[in-house]
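coords below, sequence missing:
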């Protein structure tokens, strides 16, 4: 077995462990699934995709791409995925492919078993996705003020309505998160499909944005968001619903009360977080 304390993990251990678990589960599904001649092409593509992703994941998770954890895995998964030839009995071909996947899964499990011995890169601090979002939301009003002033009196960029908030938020979120999906369909609620603003797929977070106006203040906004919470609670990729309310003109009277009322609707495996900016206007 290769092992070295000189290969430093450059991502939080918890995130690394979660990704490992997903790869292990996917690999286990692959070799336990029924292989047939009809689904062979699709299945081989899934196998190849999983294999390539697993190796790239281990390369990128440490300070050196050729780290020894990657080398361990590559030793197991070094043979190319071959295509079935009719000269070989199909059952024999399947048995060989499943055995290869099992070996790879076993290697991933061994890496996970040694997780406590893996050293995190010096100086690496763990910042949660919610902390990143909080910083974005707290600074959004300041961002709005700054982008109004352009070089040599060029036309200013203004945030006047909810669509402006969404466009700006999409650009900002994309700087901090790898997979930001716009306007995903949420589950059916009250007989219709509705769209959510942003899905952070990897983090399993839905971000819903609102902007107050004369006819959308405390009571009506609260009612709308209560309905939204009911919808997102059933979304398969939403473990946390983050609501951002941009109260640019100060229409909200009881901001703290609104936050408390909405966040109390959190449930097991479904967390609701609410941010209002600015809070002091």
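All right, it came through fine. Note that the structure is a prediction, hence the values are computed from the model and not measured. Numbering: from 1, shown residues only.

didn't residue 130 look like it was pressed against residue 242?
Yes: between residue 130 and residue 242 there is a contact under CB atoms under 8 Å: 7.2 Å. Backbone N, C-alpha and C define where each C-beta goes, glycine included.

shared neighbours, these two?
By CB atoms under 8 Å, 6 or more residues apart in numbering, residue 130 and residue 242 have these common neighbours: 205, 273.

shaky segments in this structure?
Along the chain, segments meeting pLDDT under 70 span 1-6, 79-84, 87, 124-126, 183-196, 281.

which residues touch residue 129?
Applying CB under 8 Å, 6+ apart, we find residue 129 in contact with 177, 200, 203, 205.

between these, which is closest to residue 221?
Taking CB to CB as the measure, residue 221 lies nearest residue 205 of the contacts of residue 129, at 20.9 Å.

who's that closest one bridged to?
The bridge-partner assignment for residue 205, based on DSSP bridges, gives residue 200, residue 240.

ok, now which ones touch it?
Contacts of residue 205 by CB under 8 Å, 6+ apart are 129, 130, 133, 199, 238, 239, 240, 241, 242.

how close does it sit to residue 218?
Taking CB to CB, to the nearest Å as the measure, residue 205 falls 25 Å from residue 218.

same thing with residue 133?
Going from residue 133 to residue 218 by CB to CB gives 23 Å.

the strands in the stretch 101-250 of the chain, which residues?
Ranges of strands in the stretch 101-250 of the chain, per DSSP state E, counting those that start in this stretch, are 180-182, 198-200, 205-211, 240-246.

distance to residue 169 added to these, as a markdown table?
Converted to a markdown table, the strands of the stretch 101-250 of the chain look like this (distance: least, CB to CB, whole Å):
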| stretch | distance to residue 169 |
| --- | --- |
| strand 180-182 | 9 |
| strand 198-200 | 7 |
| strand 205-211 | 6 |
| strand 240-246 | 7 |
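
what's the closest of the ones you listed to residue 272?
Within the strands of the stretch 101-250 of the chain, the stretch nearest residue 272 is strand 240-246; the backing value is 5.1 Å (CB to CB).

who does the closest one touch, helix- and strand-wise?
Judged by 3 or more CB pairs under 8 Å, 6 or more residues apart in numbering; DSSP states H and E, the packing partners of strand 240-246 are helix 129-138, helix 140-146, helix 162-176, strand 205-211, helix 218-232, strand 271-277.
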